[in-house]
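Q: What follows is a predicted structure for the sequence shown.
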Amino acid sequence: MKDKAPTESPVPASNEPTTLARSSGAATVRPASFLNLPPAILRALAFGLFVLVLPFLPWASTHRDEITVIGFFSILAVGLTLVMGYAGQLVLSQAAFYGVGAYTSGVLSVNLKWPPLLGIGVGVIVAALLGWVSARLLFRLQGTSLALASLGLGIIVITVIGQWDEVTRGQQSLTGIPKLDVLGFTFKDDLAYYYLVWATVLTVMLLSFNIINSRVGRAFRALRGSEVAAGTLGINTTSFKVQVFVLAAAFAGLAGGLYAHYRSVLSPGTFNWSVSVEIVVMVAIGGVASIWGAPFGAAAVLIITPILRGFFSGTSLAGGGLENIIYGLALVVIMIFLPSGLLSGTGGWWPRLFGRFRPSHPHNLPPEESSSEPVSGAKQVG
Amino acid sequence: MSNPLLEVRELSKSFGGVQAVDKISFQALPGQITAVIGPNGAGKTTLFNLITGMFAPGAGQIILDGRRLERLPIYKIARAGVARTFQNLQVFEGMSVVENVMVGRHRYERVNLLWAATRWPGVGREEATSRAKALAELDFVGLRHRADDLAQDLPYGQQRLLEIARALAAEPRLLLLDEPAAGLGPTETESLARLVLQIRARGVTVMLIEHDMGMVMNIADHIVVLDYGRKLSDGAPAAVRSDPKVIAAYLGEEIPA
């Protein structure tokens, strides 16, 4: 407040080349970068280059399948990052939309002989529509209730897929799904599919960055910051919650469609509730509100899990019980941290875990009206 | 006497048997600063929450320039030209200061999800316009030098100013300030008072909840006094100050000139 008039600024910045010395002024001075490109573009180029050469690097050349699967989960995690990290809504149904996209495309191409590309497109639309319906249903709820209700929704969807034998072949697995071909080019070998999936990851990330840095993204982020304040600035909060949910469902449907024509086999277990939790863990590891973090979170989880399983090889946990325990535990942790922990702050839970904890508001204010207003409900906001 | 910008008629709201706001009626004239004062628990914030649509009133009418607001959802009331700040700060964490203010431009922007995702031509132009407007508001409240910092990193007093800039970016006709001076020191309070007068000079009608009587008496054109959810008194500062009912409610507390 003291330097209210801009002219009263204590340091005349114009003839002061080392403004970096002013702690908070650092943001205004960008270090000179390669070819003067903005850091965001540089990062994208570097990441793109990395993706391009990765399949030929020592470890990766023998693990192309795993890295392609990391790609599917990166798409899922980017979608959930938008919902969870930016719009602040914890949902545990991503795996269901993944499954709906996969099964829609798989069923259409196997049972009706539709071309895979069309099937994937329809899968995206079906997942988005289901996302829209469930958003209308679920977004009356908030916090823990929303998380639980969406978990239930995921279980319903996957149960239907698992039991609808005539269409999905249920627990028997849907087999014989054709490889994706686009304009005569068939994505048969692993390398081609690797590039396809990771090009999709990069596209989805680019779209997400564009959204985040726009009116729509600001509305999403305002929802997380303060839903009432967002409303009082003219944001139709319900509409934007539905939009972000539908967007994430569409991304998940896309990942599912690509997955179906990669594996050629689908079984309901792939889209179990625990997979939804797994995606939440990926997003949390990546740093909740970080689109860049999403693929890294996906990679971390998918690389660490088999290593963990290795520790327990030979025990009765090796059969998959371990994952269930881990994700059950993760669910417990998520719920404990839920109200403020997991979703608040920009750095995710890393800073909290490593002690850079900082209260978000100075709540030690003079009590003024807040302590003695007779109406408790009136004080939740404003 | 000009027509009121805001007219509140017989407005009531109860919560579980407690009458938080009880048949309150008053008018806020355009271009004036109307202060709402009263002891703790008088229903001042509830009144603001009713005007901005955060609660549906139990009974009564809220009329902004002839238009009924009391049944509209929050965001439509905002689009009708009402903006506010919050007693318990509601800055958007995780967003920079200038982005916070750009949220205030939401209702003037048109970009939708598909445009935004594909960076349709025109998105960049709209971004630039919003950013320029937001920076101008930050200039107005004296926060331009913090534009690129994270909102939650601002000290408390500056977060209050940020909320004012964000509300002003929505170009409201009516601006509600809920205890803007709470937690501020004397010099900060003084410059805040000057800022509120500058806002009035821009033609924005201001309503203000404030406990700092010195500030209220100095800048308000009109004062509404509430007590236990009822309107106790209503008038020009001098008239309200000498109203025996007001003096009684404040239990003989001296009301500074």
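A: All right, it came through fine.
Q: Spit out the contact partners of B:G122.
A: Residues near B:G122 by Cβ atoms under 8 Å, 6 or more residues apart in numbering or on different chains: B:V111, B:W115. Using the backbone N, CA and C atoms, a C-beta is placed for each residue, glycine as well.
Q: A:W292 now?
A: A:W292 neighbours (Cβ under 8 Å, 6+ apart): A:R43, A:F47, A:M205, A:G286.
Q: Any of the residues you listed buried? List them.
A: A:F47, A:M205, A:G286 (16 or more other Cβ atoms under 10 Å in any protein chain shown).
Q: Checking my notes, the second one in a helix, right?
A: Yes. Going by DSSP: H, G, I helix; E, B strand; the rest coil, the assignment for A:M205 places it inside a helix.
Q: hang on, isn't it packed against A:F296?
A: No. Shown here, A:M205 and A:F296 do not form a contact pair, counting by Cβ atoms under 8 Å, at 11.8 Å.
Q: For the residue nearest to A:P268 when sequence neighbours are not counted, give me the pLDDT.
A: Residue nearest to A:P268 in three dimensions, not counting chain neighbours: A:G162, with 3.8 Å by Cβ to Cβ, 6 or more residues apart in numbering or on different chains. pLDDT, A:G162: 88.
Q: Same check on A:V301?
A: 88.
Q: Grab the nearest non-local neighbour of it.
A: Of all residues not flanking A:V301 in the chain, A:M282 sits nearest, at 5.0 Å (Cβ to Cβ, 6+ apart).
Q: do the same with B:G104
A: Residue nearest to B:G104 in three dimensions, not counting chain neighbours: B:A169, with 3.0 Å by Cβ to Cβ, 6+ apart.
Q: ditto for A:G88
A: Spatial nearest neighbour of A:G88, excluding adjacent residues (Cβ to Cβ, 6+ apart): A:R224 at 2.8 Å.
Q: Show me where chain A has its strands.
A: A:181-182, A:185-186 (DSSP state E).
Q: Out of these, which gets nearest to chain B?
A: Each of these has some distance to chain B by Cβ to the nearest Cβ; the shortest is strand A:181-182, at 20.6 Å.
Q: pLDDT below threshold where in chain B?
A: Chain B contains residues with pLDDT under 70 at B:1, B:251-257.
Q: Quick check: the residue of it nearest chain A.
A: Closest point on chain B to chain A, by Cβ to the nearest Cβ, is B:F92, at 3.0 Å.
Q: Distance check, that residue against A:G88.
A: Counting by Cβ to Cβ, to the nearest Å, the separation of B:F92 from A:G88 is 10 Å.
Q: residues in the stretch 101-250 of chain A within reach of chain B, list them.
A: Residues of the stretch 101-250 of chain A lying near chain B by Cβ under 8 Å from any Cβ of the partner chain: A:207-208, A:210-211, A:213-219, A:221-222, A:224-226, A:228-237, A:243, A:247.
Q: List the contacts of the residue nearest to A:G88.
A: By Cβ under 8 Å, 6+ apart, the contact set of A:R224 is A:G85, A:Y86, A:A87, A:G88, A:A289, A:L343, B:F92, B:E93, B:G94.
Q: ditto for B:E99
A: Taking Cβ under 8 Å, 6+ apart, we find B:E99 in contact with A:R218, A:R221, B:F92, B:A134, B:A151.
Q: And the strands in the stretch 51-200 of chain B, which stretches?
A: B:59-64, B:67-68, B:82-84, B:174-178 (DSSP state E, counting those that start in this stretch).
Q: and those as CSV, adding distance to B:L114?
A: CSV is the format used below for the strands of the stretch 51-200 of chain B (distance: least, Cβ to Cβ, whole Å):
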stretch, distance to B:L114
strand B:59-64, 33
strand B:67-68, 32
strand B:82-84, 28
strand B:174-178, 34
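Q: Tell me who's in contact with A:N111.
A: Per Cβ under 8 Å, 6+ apart, neighbours of A:N111: A:V167.
Q: no no, B:D22
A: By Cβ under 8 Å, 6+ apart, B:D22 lies in contact with B:S12, B:G43, B:Y228, B:G229, B:R230.
Q: What are the neighbouring residues in contact with residue 138?
A: As the question left the chain open, I've gone with chain A. Residues near A:L138 by Cβ under 8 Å, 6+ apart: A:V91, A:L146, A:A149, A:S150, A:L153, A:F245.
Q: if you could check chain B rather than the one you did, that'd help
A: B:V97, B:V98, B:V101, B:R144, B:R146, B:A147, B:A165 are the contacts of B:L138 under Cβ under 8 Å, 6+ apart.
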